[in-house]
Each structure stands twice: as structure tokens, then as C-alpha cells.
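Chemist: could you work out the structure for the sequence below:
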Amino acid sequence: MTFKNILYTSSKRAKHVSIQVSYPDFIKVIVPNTVSVNEAKIFVKRKQSWIFKQIDKNLSKIKRSVDLNLSDNELLLYKTNAIKHINKLSIKHSLSFQSIAFKKMTTRWGSCSFYNRITINTLVSGLPVYLQDYIYLHELLHTRIKNHSTTFWSELNNLVGSARSLDNELKNRYYIPRFRNNNN
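Modeler: This next block holds a predicted model:
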């Protein structure tokens with residue numbers, strides 16, 4: 001059997017061929033410069049049963065892709081409501097920010113710059129409201145604490161209750177699709 005989503009990448013630093021299987025069935029093969037692509041393909045064929053096990057393990061996590069097909073009006077409504085809500089949270093918890101922006105990001109749900117500029121992934125709108133709040137408060141707290149130290153997690157726990165379990169739920173149940181065609 002051949003795999004559809006397989007990417008071979010050459011690496012100067014790699015010493016051995018390695019395989020990474022990410023959700024749900026995207027396969028990346030890291031190939032040292034000293035190994036040919038044909039040798040790497042033979043290696044992948046030998047490791048087929050391991051790859052299938054990894055794919056099954058990924059599928060068993062029941063992660064949900066958060067992908068949106070919002071109209072421009074729906075997206076505008078989400079952004080407007082989110083800004084109002086984030087402002088309320090900001091005031092309630094005394095966490096001020098410089099500005100807020102929304103855009104599609106491929107690896108993060110949100111970010112906060114050194115200058116307290118918060119960016120929220122538009123895909124957050126597809127999450128349950130309690131996870132949206134978690135992300136908003138997570139980024140707002142970064143206006144005060146710029147890292148993920150134990151102090152940060154302790155403060156976040158004070159704001160949301162069980163921060164680590166919410167973080168784990170976000171990581172284990174949802175993922176941001178890597179390849180998207182729309183521009184929301």
C-alpha cells in the first residue's frame with residue numbers, strides 16, 4: 001500500500017532516516033544527505049506496519065479539525081463579539097492589551113507580542129465557548145507574564161480553574177488543519 005500524504009525532507013543534521021506521523025495521516029520522512037530517496041522509500045516500506053499503528057493511534061484520539069467556512073458577515077460578527085468579550089475579560093481581570101487582531105494561523109490558537117498586541121486565530125470561533133475563553137485569558141495573561149513559567153500557570157489556574165486540563169483538552173481534541181484554501 002502507498003501513503004497519500006508523505007513528504008520526504010532532506011536534512012544536513014539527521015544521522016538516520018526518521019519518520020514522523022502527524023494527525024491524522026500526514027507522514028514526514030527526514031532523510032540524511034548521505035541517504036538516497038530510494039533508500040528512504042525502502043525504509044518506509046519496511047516500517048509500514050509501524051506507520052499504520054501510528055495512524056490508528058492518531059485516529060483513536062478523535063481530534064476534531066477546526067475548519068471554518070464563515071461568510072464575511074459571520075466572520076465580522078464573530079470578531080466584533082470576541083473583541084467586546086475580550087475587553088470585558090481584560091477589565092474584569094485588570095489585564096490590559098495594546099491591540100487585538102484576528103487571522104488564520106497554522107500552528108497557534110493565539111499569541112501575545114512583547115508590546116501586548118494580541119492575535120487570535122479565526123479558527124477559535126469554531127471551538128466551544130469555554131475553550132474560547134481559555135484562549136482569550138491565556139493570551140491576556142501574557143500581557144503580564146511573558147512566558148509559560150509555573151507562575152504563569154498558577155495565575156491562569158486562578159483565572160480559569162483547571163488551566164492544564166483545558167490546555168490538554170485543546171491539544172488532544174482539536175487541531176488546526178495544515179492545508180486550507182479559504183482566507184477567513
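Chemist: CA only for contacts and neighbour counts going forward, please
Modeler: Noted.
Chemist: run the chain-centre distance for stretch 119-134.
Modeler: 11 Å (C-alpha atoms, centre = their mean, to the nearest Å).
Chemist: and the pLDDT for Arg117?
Modeler: Confidence at Arg117, expressed as pLDDT, is 98.
Chemist: if I pick it, what's in contact with it?
Modeler: 97-101 (C-alpha atoms under 8 Å, 6 or more residues apart in numbering).
Chemist: wait, Ile135 sits on Ser111?
Modeler: No: counting by C-alpha atoms under 8 Å, Ile135 sits too far from Ser111 to count as a contact (9.3 Å).
Chemist: ramachandran angles for Cys112?
Modeler: phi -140, psi 120 (degrees, to the nearest 10).
Chemist: that one against Glu139, yeah?
Modeler: Yes: counting by C-alpha under 8 Å, Cys112 does reach Glu139; the two are 5.7 Å apart.
Chemist: what sits in contact with each of those two?
Modeler: Joint contacts of Cys112 and Glu139 (C-alpha under 8 Å, 6+ apart) are Ile118.
Chemist: between these two, who's got more neighbours?
Modeler: Glu139 (27 against 21; other C-alpha atoms under 10 Å).
Chemist: any idea which element that one lies in?
Modeler: Using DSSP states H and E, the element containing Glu139 is helix 129-141.
Chemist: what is that helix packed up against?
Modeler: If you count contacts as 3 or more C-alpha pairs under 8 Å, 6 or more residues apart in numbering; DSSP states H and E, helix 129-141 packs onto helix 72-92, strand 110-112, strand 117-121, helix 150-160, helix 163-173.
Chemist: quick check: angle from it to helix 163-173?
Modeler: With axes from the mean of the first three to the mean of the last three C-alpha atoms, to 10 degrees applied, the angle from helix 129-141 to helix 163-173 works out at 120 degrees.
Chemist: what are the buried residues along helix 129-141?
Modeler: 131-141 (16 or more other C-alpha atoms under 10 Å).
Chemist: swap in stretch 83-99?
Modeler: So, applying 16+ other C-alpha under 10 Å, buried residues of stretch 83-99: 83, 86-87, 89-90, 95-97.
Chemist: then stretch 31-49?
Modeler: 31-33, 37, 40, 44.
Chemist: residues in contact with it?
Modeler: By C-alpha under 8 Å, 6+ apart, stretch 31-49 touches 8-19, 29.
Chemist: buried subset of the residues you listed as a PyMOL selection?
Modeler: Typed into PyMOL, the line below selects the buried ones among the contacts of stretch 31-49, using 16+ other C-alpha under 10 Å:
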select buried, resi 10+17+19+29
